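Chemist: Sequence and predicted model, in that order:
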Amino acid sequence: MRWTVCLVVVLLFLVSCGPTTVQEGRKARKTCKDCHPEMVARVQQEGPVLHAPVAKGECYGCHRPHGIIGGAFLKADPPVLCLRCHQDLGRKFQKGTLHKPVRDGKCKECHGIHAAAKAKLLKGGVDDLCLGCHKEVVGGKNRHQALQEGCLRCHAPHVSEVSGLLKAKPASLCLECHKSEDLRKVHGAGVKSDCVSCHNPHSSDKPHLFRTSLHEPVEGKECASCHLMQGEDPLRLVKSVPELCFGCHEKEEGRKAHPPYREGDCLDCHDPHGSKFAPMLEASQQKLCVSCHSYFLERGKTRHTEAREVHGAVKQGLCLGCHSPHVSDEKGLLRTTRDKLCVDCHKAKFSGRVKHQPASRGECLGCHAPHESLRPALLIDREEKLCFRCHSRVREEKSSFSVHTPFAQGQCSRCHEVHAGSVPGLMRQAWDRLCEKCHEAWFKKEYKRVHLPVAEKKCGLCHRPHASDYAFQAPKPIHEVCYGCHGKLKEQVRSLPYIHSPVEKGNCRECHSPHGGDREAYLRRDPQKICLSCHDKVSQFWKEGVAHPPAEEDCSHCHRPHASPYPFLADLSPGQLCFKCHEEGEVLAESHGGIVPSGKMCTTCHDPHGGADERQLWSGSSHQPFEEGNCEPCHRRKK
């Protein structure tokens with residue numbers, strides 16, 4: 001209570017500090033028009049008929065206020081938003097057939113949002129709007145007179161309990177204009193139903209608005225061929241179906257028969273008078289067939305699934321492209337044997353000289369589903385699983401150490417043709433072009449020196465196509481692959497006692513690039529940099545001290561790169577190596593205090609790579625007489 005009193009006091013104080021009148025301090029509140037003048041111009045252009053909330057300036061009837069945040073934020077998405085006001089339509093929508101734009105919630109397909117040119121916010125004339133989607137209804141040269149009265153003469157715009165959005169059943173609609181007496185005179189009997197089985201309700205190129213697919217007796221006005229046309233029931237059939245049908249249509253024979261045909265239920269699929277679907281079908285091929293044969297229906301389930309891939313013929317509703325409608329000698333009522341049936345449309349896939357055996361035997365359904373599949377190319381299972389059913393040895397390679405990426409991903413068709421091809425192994429292209437397709441970067445590098453297998457594009461010499469137990473899918477250890485061409489080097493390594501460590505480990509790639517390079521022997525870097533990447537200590541005196549010139553210039557002056565009969569991979573024996581540059585004689589003896597070095601022990605005193613001064617002596621502890629320059633206690637001077 002005490003806090004309430006305090007709050008009231010504070011509020012009274014604040015009011016007393018304000019202006020004397022409310023009107024003086026209040027700013028005029030902006031309207032939607034003030035910030036959106038472009039919408040005002042747009043509404044004026046759209047038409048004179050305004051949406052009721054727009055006419056009243058009630059933008060918030062549909063939109064949320066958004067402040068400085070840009071955007072037209074609706075309170076709900078159509079059609080929910082529209083039906084908040086048009087509740088009468090909402091109740092009608094709960095039963096019956098909906099117009100497709102209504103079903104999809106696309107009210108603005110026909111109606112303007114803010115304004116429109118025509119009444120009821122229609123974007124154009126009713127007939128113009130209808131024909132924008134249904135142009136085919138006026139395709140015939142003879143038009144139904146009712147079209148002059150407009151589409152809404154017979155159709156409801158939003159919803160109807162009758163198929164085709166008709167306002168009433170077809171016969172009832174027809175009889176509103178066509179009197180029973182007139183129909184009796186024309187037809188020779190009283191006709192009260194099925195008008196649209198013979199007549200197109202919109203337009204036709206045939207007289208009397210006859211359907212494009214019409215029963216011959218109907219077109220020839222020979223109704224008595226099937227009907228009595230006399231007595232109390234003139235429309236009674238002269239014979240029962242199917243005997244009546246077989247009187248004109250010769251009965252087909254085959255090992256397999258379509259159940260309706262076998263049981264004589266011709267009218268399950270055909271209209272006896274006519275149809276817009278040839279040959280006088282009750283509905284389109286696809287709709288008619290799927291009414292019994294639901295190819296989307298999963299086993300044990302009642303709901304349909306969305307297939308990722310649908311056979312083109314199925315998608316186009318061409319069921320009779322593969323199946324015979326009545327009888328066949330083939331399983332599934334196929335028009336011909338499976339191998340011939342698929343090839344009729346897919347000839348190009350079987351044109352290569354190298355054939356995939358299942359394809360050549362016509363076993364298409366061993367890999368493909370005939371109607372639909374959740375996998376690409378109508379496959380009945382994962383691609384690799386299908387391939388491994390026959391290629392079981394290849395499957396074992398999947399567990400190898402190094403696996404080719406397409407193979408690891410189960411994408412066999414990335415490299416192989418699946419039906420027929422012109423390259424052995426059903427390869428999509430010759431090896432060189434096939435590898436280059438994915439490994440383009442390797443083939444486009446402009447090396448000064450290209451490894452011969454790469455130049456000749458013989459990738460298979462060094463790599464296996466699927467997998468290997470060795471890195472980079474090599475068929476054997478990498479050094480063994482290299483020895484396949486470099487046989488002399490192999491003999492050296494096996495016969496000489498001192499082996500370079502990377503060579504001993506079989507890691508040729510430590511120094512060499514396998515595809516090519518800009519340096520001799522495809523070296524990855526300059527020789528010195530490669531050597532110093534491991535032997536970094538040998539260069540400790542090269543910056544601050546004195547470097548041995550051959551070592552600084554090129555390690556190969558003194559060392560062999562792969563193997564040697566001498567320690568430290570020396571090119572020659574210690575007694576010969578130093579004398580390649582340092583001639584034995586007076587000069588050498590003089591620099592050694594009159595003692596002639598044997599050459600075998602140069603590195604006992606000298607660092608072969610460099611030293612702190614010109615003498616290039618080993619740093620660290622040394623023999624005391626040697627430090628004093630007195631060699632005589634151990635060595636004899638030259639006399």
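Modeler: Received the coordinates, thanks.
Chemist: Residue 393 and residue 387, how far apart?
Modeler: Separation of residue 393 from residue 387 (CB to CB, to the nearest Å): 12 Å. (Glycine included, C-beta is placed from N, CA and C.)
Chemist: cool, residue 259 as well?
Modeler: As judged by CB to CB, residue 259 and residue 387 stand 38 Å apart.
Chemist: And the two? Which one has more around it.
Modeler: Neighbour totals were compared for residue 259 and residue 387, and residue 387 leads with 19 against 9 (other CB atoms under 10 Å).
Chemist: Run through the strands of the stretch 151-300 of the chain in chain order.
Modeler: In the stretch 151-300 of the chain, the segments counted as strands under DSSP state E, counting those that start in this stretch are 159-160, 203-204, 213-214, 256-257, 274-275.
Chemist: any idea of the mean pLDDT for the fourth one?
Modeler: Confidence over strand 256-257, taken as the mean pLDDT, stands at 96.
Chemist: Show me what it pairs with in its sheet, parallel or antiparallel.
Modeler: strand 327-328 (antiparallel) (DSSP bridges).
Chemist: Ok, the first one next?
Modeler: Within its sheet, strand 159-160 is paired with strand 97-98 (antiparallel), according to DSSP bridges.
Chemist: After the partner strand, which helix or strand is next? Please name it.
Modeler: Helices and strands here follow DSSP states H and E; after strand 97-98, the next one along the chain is helix 100-103.
Chemist: Return the set of buried residues in that following helix.
Modeler: In terms of neighbour count (16 or more other CB atoms under 10 Å), helix 100-103 has its buried residues at 101-102.
Chemist: same question, stretch 338-347
Modeler: For stretch 338-347, the buried set under the neighbour-count rule, 16+ other CB under 10 Å, comprises 338, 341-343.
Chemist: so who does the residue nearest to the spatial centre of the chain touch?
Modeler: Nearest to the mean C-alpha position of the chain, counting by CA atoms, centre = their mean, stands residue 376 at 9.4 Å. If a contact means CB atoms under 8 Å, 6 or more residues apart in numbering, then residue 376 has 308-309 as its contacts.
Chemist: Residue 315 versus that one, what's the distance?
Modeler: The separation that residue 376 has from residue 315, given CB to CB, amounts to 15 Å.
Chemist: Leaving aside the residues adjacent along the chain, what's closest to residue 398?
Modeler: Among residues not flanking residue 398 along the chain, residue 467 sits closest, at 6.8 Å (CB to CB, 6 or more residues apart in numbering).
Chemist: beta partners for the one you found?
Modeler: residue 403.
Chemist: Read off the pLDDT value for it.
Modeler: On the pLDDT scale, residue 467 is placed at 95.
Chemist: buried sites along stretch 414-425?
Modeler: 414-421, 423.
Chemist: residues near the closest residue to residue 516 other than its chain neighbours, how many?
Modeler: Taking CB to CB, 6+ apart as the measure, residue 516 lies nearest to residue 447, with 3.4 Å between them; neighbours along the chain are not counted. For residue 447, the number of neighbouring residues by other CB under 10 Å comes to 16.
Chemist: and the two most separated of the buried residues of stretch 338-347?
Modeler: Greatest spacing in the buried residues of stretch 338-347, by CB to CB: 338 and 343 (9.5 Å).
Chemist: Overlap in contacts, these two.
Modeler: When CB under 8 Å, 6+ apart defines a contact, the residues bordering residue 338 and residue 343 alike are residue 362.
Chemist: which residue ranges form the helices in the stretch 401-550 of the chain?
Modeler: In order along the chain, the stretch 401-550 of the chain carries the following helices (DSSP state H, counting those that start in this stretch): 405-408, 431-438, 440-444, 452-455, 478-483, 487-495, 501-504, 527-532, 549-553.
Chemist: repeat for the stretch 51-200 of the chain
Modeler: Ranges of helices in the stretch 51-200 of the chain, per DSSP H, counting those that start in this stretch, are 52-55, 80-83, 87-93, 100-103, 126-133, 170-177, 180-187, 195-198.
Chemist: Can you tell me which of those is most buried?
Modeler: Mean neighbour count, computed with mean count of other CB atoms under 10 Å, is highest for helix 195-198 among the helices of the stretch 51-200 of the chain, reaching a mean of 20.
Chemist: Convert the C-alpha atoms of it to CSV, please.
Modeler: Taking only C-alpha atoms (Å, rounded to 0.1, in the frame of the first residue of the first chain), the coordinates of helix 195-198 have been written out as CSV:
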residue,chain,number,x,y,z
CYS,A,195,-23.6,-35.8,-71.9
VAL,A,196,-19.9,-35.1,-71.5
SER,A,197,-18.9,-38.7,-72.5
CYS,A,198,-19.8,-37.9,-76.1
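Chemist: Just list what it packs against, helices and strands only.
Modeler: Other elements packing on helix 195-198 under the criterion 3 or more CB pairs under 8 Å, 6 or more residues apart in numbering; DSSP states H and E are helix 170-177, strand 274-275.
Chemist: List of residues touching it?
Modeler: Contacts to helix 195-198, defined as CB under 8 Å, 6+ apart, come from residues 170-171, 174, 201, 210-211, 214, 218, 271-275.
Chemist: so residue 386 touches residue 379, yeah?
Modeler: Yes: at 6.4 Å, residue 386 counts as touching residue 379 under the criterion of CB atoms under 8 Å.
Chemist: so who does the residue nearest to residue 398 touch?
Modeler: Residue 467 is in contact with 397-398, 400-404, 407-408, 473, counting by CB under 8 Å, 6+ apart.
Chemist: Just give me the closest of those residues to residue 321.
Modeler: The shortest distance between residue 321 and any of these, using CB to CB, involves residue 407 and amounts to 36.4 Å.
Chemist: That closest one is in contact with residue 397, isn't it?
Modeler: Yes: here residue 407 reaches residue 397: they are 7.5 Å apart, a contact under CB under 8 Å.
Chemist: Residues in contact with both of the two, list them for me.
Modeler: Between them, residue 407 and residue 397 share these contacting residues under CB under 8 Å, 6+ apart: 466-467.
Chemist: Next, the buried residues of stretch 458-467.
Modeler: Applying a neighbour-count criterion of 16+ other CB under 10 Å, the buried positions in stretch 458-467 are 459, 462-467.
Chemist: I'd like the distance from that stretch to the chain centre, please.
Modeler: 28 Å (CA atoms, centre = their mean, to the nearest Å).
Chemist: repeat for stretch 145-162
Modeler: Centroid displacement of stretch 145-162 relative to its chain, using CA atoms, centre = their mean, is 44 Å.
Chemist: cool, and stretch 391-409?
Modeler: For stretch 391-409, the distance between its averaged C-alpha position and the chain's averaged C-alpha position is 23 Å (CA atoms, centre = their mean).
Chemist: From the strands of the stretch 151-300 of the chain, pick the one with the highest average neighbour count.
Modeler: Most buried of the strands of the stretch 151-300 of the chain, by mean neighbour count (mean count of other CB under 10 Å): strand 274-275, with a mean of 23.
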